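Enquirer: Pasted the sequence and its predicted model underneath.
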Amino acid sequence: MMGMLSHVRGTLAFFRGSFRSGNCDSVARVTRTCSTLLTDTSEGGLVLYSQSNDVYENLSLEDWIEANVDLQRLNVLLLWRNTPAVVIGRHQNPWKECNLSLVRRSGISLARRRSGGGTVFHDLGNLNLTFFASKKAYDRQRNLKVITEALRRLRPGLDVKANERFDIFLKGCFKITGSASRISRKSSYHHCTLLHSADHSTLSPVLRSSCQGVNSNATPSVPSPVANLVDHDPTLTWEALLDALANQYCAEFGGRATMNVVNPADESAFPGLSRTLSELREWDWIFGKTPKFSIQTALKVTDDYLSAGPPVGLCSEIKHGLIESCSLDVPTSWLPRSLIRELSSVLVGQRFCPHHAAAVFSMLLRCETGEKQNRLQRLCDAILAVMG
């Protein structure tokens, strides 16, 4: 077991059976030690299925497998699904990639993964597949072949093809799979989405930025028309899809076409994973890793509750998610210049985040009264709206 999950303790549930709504239902379970599992899978491919629907746990599990499995000897396919989440690439700007206020109001998780690529929306109707291999064996086309061949064998009538961007399209125009990858010194992983029955009514508005005037060198997403597999074949069940993928993966890479359920929340099975989990949940990772950007935009400020207010401009530089500079162009006839300078000054050094800025604004607002306080409040609200 040397070099193969050397730190693992505990067990993996080994099973063959059906998945309904992502859960194992009425299946035979045989508990096997990790040592036995790895002895039986000393080479070829191993298929894992995560019990978790938490995006941060599943992204942490990816990191754990890459760091702890000897991928020189063993290929691994991890299958996982999440409750609603927006997942941005390592070098992307969340303010530009999604509607942050809608994400927050809807209780949708926002996560930054360690791989590059564009932003994707996950829900329980989307299957994620992560192909782990050595750096030398890294082959995205081969991985996508597993998906397309599995779908063709399962439903010969489905017209599915991978393109040069390592996406898979249905009928040549509807995207059902997007790809991203990470390559380290000795290992690699390539993960894909596969749209089975995702909620498109949520996907579109969530992935539409509400922050105007962002200027950034961060990697932009390339939008494409998308479709679910069940839109074109309503009879395609999760059970059949998962079985087909496991069978095709093992036909391509070797190993036995069985799925091994794993629970990333089990610290005894995945020691140290919780440290990565804590990092991926942090504001400093999700927002603080955003490449430096600037915002130059007009603010929507009201003069009273019925009419539009004066023209107001915001110009700001943000680095590591923190406001480096802030300039507000506000008519002095509407608010005193000294108050505008004070407002700009207190924002510098703060997170470009409505929760933190609101706390700063509340202290400033307590020092004002009457119409001046009302106008300052409306200006602060307009700035918070830009932050998402």
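Expert: Right, received. Where do you want to start?
Enquirer: remind me which residues of the stretch 151-300 of the chain are low pLDDT?
Expert: Of all residues in the stretch 151-300 of the chain, none has pLDDT under 70.
Enquirer: Quick one: the strands in it, in order.
Expert: For the stretch 151-300 of the chain, strands defined by DSSP state E, counting those that start in this stretch occupy the ranges 160-162, 168-170, 174-177, 179-183, 187-195, 214-216, 259-262, 293-299.
Enquirer: So which of these is nearest Gln72?
Expert: Nearest of the strands of the stretch 151-300 of the chain to Gln72, taken as CB to CB: strand 187-195 at 8.1 Å. Placement of C-beta: from N, CA and C, glycine included.
Enquirer: Show me how the record splits this structure into domains.
Expert: As assigned by automatic domain parsing, the chain contains the domains 11-286, 293-387.
Enquirer: How many residues are close by the spatially closest residue to Phe352 that is not a sequence neighbour?
Expert: Spatial nearest neighbour of Phe352, chain neighbours left out: Ile318 (4.8 Å); criterion: CB to CB, 6 or more residues apart in numbering. Counted with other CB atoms under 10 Å, residues neighbouring Ile318 total 24.
Enquirer: From here on, call the first residue 11.
Expert: With 11 as the first residue, the last one maps to Ile328.
Enquirer: Within the helices and strands, which one has Ile328?
Expert: strand 322-329 (DSSP states H and E).
Enquirer: Pull out the buried positions in that strand.
Expert: 322, 324, 326-328 (16 or more other CB atoms under 10 Å).
Enquirer: ok, back up a step: so in terms of bridging, what pairs with the residue nearest to Phe362?
Expert: Phe303, Ile333 (DSSP bridges).
Enquirer: Hmm, it is touching Phe303, no?
Expert: Yes - between Ile328 and Phe303 there is a contact at 5.6 Å, judged by CB atoms under 8 Å.
Enquirer: Just read off the phi/psi values of the residue nearest the centre of the chain.
Expert: The residue lying closest to the centre of the chain (CA atoms, centre = their mean) is Val97, at 1.5 Å. Dihedral angles of Val97 (phi, psi; degrees, to the nearest 10) stand at phi -120, psi 120.
Enquirer: That one bridge partners, please.
Expert: Ala121, Val130.
Enquirer: What mean pLDDT does the longest helix along the chain get?
Expert: Counting residues, the longest helix in the chain under DSSP state H turns out to be helix 380-397. Mean per-residue pLDDT for helix 380-397: 94.
Enquirer: Show me what it is packed up against.
Expert: Counting contacts by 3 or more CB pairs under 8 Å, 6 or more residues apart in numbering; DSSP states H and E, helix 380-397 packs against strand 303-309, strand 322-329, helix 347-357, helix 364-375.
Enquirer: For that helix, which residues meet the burial criterion?
Expert: Quick answer for helix 380-397 (16+ other CB under 10 Å): 384-386, 388-394, 396-397.
Enquirer: follow-up on the earlier one: relative to helix 347-357, how tilted is the strand holding Ile328?
Expert: 30 degrees (axes from the mean of the first three to the mean of the last three CA atoms, to 10 degrees).
Enquirer: got a list of contacts for strand 322-329?
Expert: Strand 322-329 is contacted from outside by 223, 300, 302-309, 311, 333-341, 357, 362, 389, 392-393, 396, using CB atoms under 8 Å, 6 or more residues apart in numbering.
Enquirer: Of the residues you listed, keep whichever come out buried.
Expert: 300, 303, 305, 307, 309, 311, 333, 336, 338, 340, 357, 362, 389, 392-393, 396.
Enquirer: For those, name the two members farthest from one another.
Expert: Longest span within the buried ones among the contacts of strand 322-329, CB to CB: Thr300 and Val340, 26.9 Å.
Enquirer: Mind picking the one among the buried ones among the contacts of strand 322-329 that's closest to Arg162?
Expert: Thr300 (39.9 Å).
Enquirer: Was I right to think that closest one contacts Arg100?
Expert: No - under the criterion of CB under 8 Å, Thr300 is not in contact with Arg100, lying 10.3 Å apart.
Enquirer: which stretches of the stretch 111-260 of the chain form helices?
Expert: For the stretch 111-260 of the chain, the helices defined by DSSP state H, counting those that start in this stretch cover 150-164, 210-216, 239-242, 248-263.
Enquirer: For the ones you listed, could you give me TSV that also reports distance to Ile118?
Expert: Formatted as TSV, the helices of the stretch 111-260 of the chain follow (distance: least, CB to CB, whole Å):
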stretch	distance to Ile118
helix 150-164	26
helix 210-216	6
helix 239-242	22
helix 248-263	22
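Enquirer: nearest to Val130, of those?
Expert: Distance to Val130, taken as CB to CB, is lowest for helix 210-216 among those, at 9.1 Å.
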